[in-house]
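Peer 1: Got a sequence here, can you build the structure:
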Amino acid sequence: QEDVLFGALLGNVGIEQHVYKVSNLFCRDAFIKTWNIVADTNEILKSHIEWENHNQTFQYIDNEMVPDFKFIDLTKIPIENAEQQMLTKIIAQRDCKLDLQKQLFKITVYIISDSIFYMEILNHHILFDGWSNSIILNEWQKCYCNIIADMPISKEEKTKYKSYVEYQQKYLKNITDSQIEYWKNYLAPCMEYCANNKLGYLEVYQKHNLDLNKSQYDEYEYNCKELKQVQMLGRKLQISYASIIYALWSALLSSLSGKCDILFGFVRSGRSIPIQGIDKMVGLFIETLPFCTTINKSMKLVDYFEHAHKTLLELNGQTHVAFKKYEKRNFSKIAHVLYDNIVTIQNYPIPQELYGNERISLYKKHHTSNMKMSLSILMEPLYTITLTYNSLYYTEEFINRVANLLRMSIVKIVNENDDSFRVENLIKFIQEN
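Peer 2: As a prediction, the model looks like this:
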């Protein structure tokens with residue numbers, strides 16, 4: 001949350017927008033009642049951040065707060081025109097700013113007809129993560145359907161987010177110097193890059209005359225069914241498919257930059273700590289850690305994937321808190337982040353009914369970040385790859401090239417049957433394409 005707050009104060013980042021098409025009867029009273037129930041169940045939705053006139057920054061839960069609703073009736077115009085007008089408003093919303101010290105969870109409803117409406121959820125990432133988003137939406141859908149069907153509803157009692165905060169506060173007191181020293185040794189191969197992180201690995205591909213204080217984000221999303229074969233390859237090699245994806249991204253960065261020491265951020269759920277019901281809690285649990293590797297071109301591809309897997313296993317035993325302490329001690333005057341791109345594999349439990357279901361489906365999504373480029377991979381059931389990038393840094397043409405190279409690399413490795421195929425062969429394949 002501290003990192004998200006820093007990014008939000010530095011620029012207008014951290015705002016998330018999800019728009020869902022709902023094919024169901026629209027009842028305004030039932031809609032409001034449902035969201036009030038969801039907000040009461042997940043009190044983090046009623047919170048904001050305070051720091052002015054205080055000695056420290058804290059998250060304040062206002063039990064009297066209710067979600068911010070806005071209803072736009074488009075039923076009096078043809079559906080095609082209504083949807084176009086709605087899309088214009090949705091895109092315009094992406095430039096809005098959320099005051100961190102006020103309401104951070106807003107809902108806009110675009111009513112197209114009696115049985116079709118679009119629900120736009122605008123929130124700040126400082127409140128909750130993607131895992132939480134699926135929990136919130138699933139709870140809303142079940143509750144709303146029960147209310148309009150005049151069926152009984154039950155409020156679920158959950159473990160409060162405060163329990164997670166208290167756990168972390170206790171853990172902070174037990175961080176040892178040896179835990180912090182681990183990160184110094186782990187990042188040693190990439191120290192030169194860390195110390196000179198001005199434009200990042202791909203500066204040669206960035207636009208000229210950059211204004212480093214501005215950002216404008218676009219997305220490139222595409223389906224990649226071969227990701228399912230990556231999962232199968234991981235099972236065959238008895239390693240995580242995340243290891244394969246991180247190894248491929250490392251090879252791609254190496255091919256584009258010409259560097260062998262590679263560093264990028266990767267996101268883990270942060271929900272492995274021993275708190276009862278943590279898998280159903282709503283809040284910000286994710287941790288972003290550095291994935292640091294030195295590309296050994298002579299290594300067999302299978303060994304390369306296994307090496308990435310061992311790195312991940314080792315990192316899973318290390319603490320995010322110790323890393324942040326090390327980062328602050330050594331890099332606070334150099335850069336607010338050690339890397340300019342991150343990889344997120346969205347493998348959290350998404351209820352099947354939320355995608356492609358007759359009643360509700362994802363229509364649009366957008367988020368802002370302080371990263372120049374973010375790779376987001378959604379596994380089953382959709383198997384999609386999304387590149388979110390700062391278009392003031394990178395051209396659309398370059399991002400398309402990165403996307404195509406990644407897809408081609410995935411196709412190449414899942415169909416490669418030559419046991420002698422090496423990392424240098426993969427890098428040569430990328431460079432030739």
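Peer 1: what about this protein, any weak spots by pLDDT?
Peer 2: 12, 192-215, 330-338, 348-358 (pLDDT under 70).
Peer 1: Return the distance of the residue located most distally from the centre of it relative to E120.
Peer 2: Distance from the centre of the chain peaks at K76, with 37.4 Å (CA atoms, centre = their mean). Separation of K76 from E120 (CB to CB, to the nearest Å) stands at 20 Å. Bear in mind the C-beta positions are built from the backbone N, C-alpha and C, glycine included.
Peer 1: Show me the helices in the stretch 251-400 of the chain, by range?
Peer 2: Counting by DSSP state H, counting those that start in this stretch, the stretch 251-400 of the chain has these helices, from start to end: 301-316, 320-331, 396-414.
Peer 1: Buried residues in the helix or strand just after the longest one, which are they?
Peer 2: Using DSSP states H and E, the helix or strand that directly follows helix 396-414 along the chain is helix 423-432. By 16 or more other CB atoms under 10 Å, the buried positions in helix 423-432 come out as 423, 425-427, 429-430.
Peer 1: got a list of contacts for helix 423-432?
Peer 2: 251-252, 254-256, 295-301, 304, 405, 408-409, 412-413 (CB atoms under 8 Å, 6 or more residues apart in numbering).
Peer 1: Go ahead and confirm N433 touches V411.
Peer 2: No - N433 lies out of contact with V411 (CB atoms under 8 Å); the separation is 11.0 Å.
Peer 1: before we move on, the earlier item: in CSV: the helices of the stretch 251-400 of the chain, plus mean neighbour count.
Peer 2: As requested, the helices of the stretch 251-400 of the chain are exported to CSV (neighbours: other CB atoms under 10 Å):
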stretch, mean neighbour count
helix 301-316, 18
helix 320-331, 17
helix 396-414, 17
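Peer 1: Go through those helices and name the closest to T288.
Peer 2: Of all those, it is helix 320-331 that lies closest to T288, at 7.9 Å by CB to CB.
Peer 1: what's the angle between that closest one and helix 301-316?
Peer 2: Going by axes from the mean of the first three to the mean of the last three CA atoms, to 10 degrees, helix 320-331 is angled at 90 degrees with respect to helix 301-316.
Peer 1: for helix 320-331, packing partners?
Peer 2: Judged by 3 or more CB pairs under 8 Å, 6 or more residues apart in numbering; DSSP states H and E, the packing partners of helix 320-331 are helix 161-172, helix 177-186, strand 287-294.
Peer 1: Quick one: neighbours of L233, just the number.
Peer 2: When neighbours are counted by other CB atoms under 10 Å, L233 registers 19.
Peer 1: quick check, it in a strand?
Peer 2: No - according to DSSP: H, G, I helix; E, B strand; the rest coil, the state of L233 is helix, so it is not within a strand.
Peer 1: How about it: what's its closest non-neighbour residue?
Peer 2: Distances taken as CB to CB, 6 or more residues apart in numbering place V414 nearest to L233, at 5.7 Å, with adjacent residues excluded.
Peer 1: Now do the buried residues in stretch 256-271.
Peer 2: Neighbour-count burial for stretch 256-271, with 16+ other CB under 10 Å as criterion, is recorded at 256-257, 259, 261-271.
Peer 1: ok, back up a step: tabulate the helices and strands packed on helix 320-331 in JSON lines, adding columns for distance to A8 and mean neighbour count.
Peer 2: Putting those into JSON lines (distance: least, CB to CB, whole Å; neighbours: other CB atoms under 10 Å) gives the following:
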{"stretch": "helix 161-172", "distance to A8": "19", "mean neighbour count": "14"}
{"stretch": "helix 177-186", "distance to A8": "25", "mean neighbour count": "14"}
{"stretch": "strand 287-294", "distance to A8": "15", "mean neighbour count": "20"}
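Peer 1: can you tell me which of these comes nearest to T41?
Peer 2: helix 161-172 (11.9 Å).
Peer 1: quick one: contacts for the spatially closest residue to G265 that is not a sequence neighbour?
Peer 2: Sequence neighbours aside, I342 is the residue nearest to G265 in space, at 3.7 Å (criterion: CB to CB, 6+ apart). Counting by CB under 8 Å, 6+ apart, I342 touches 264-267, 288, 371, 374-375.
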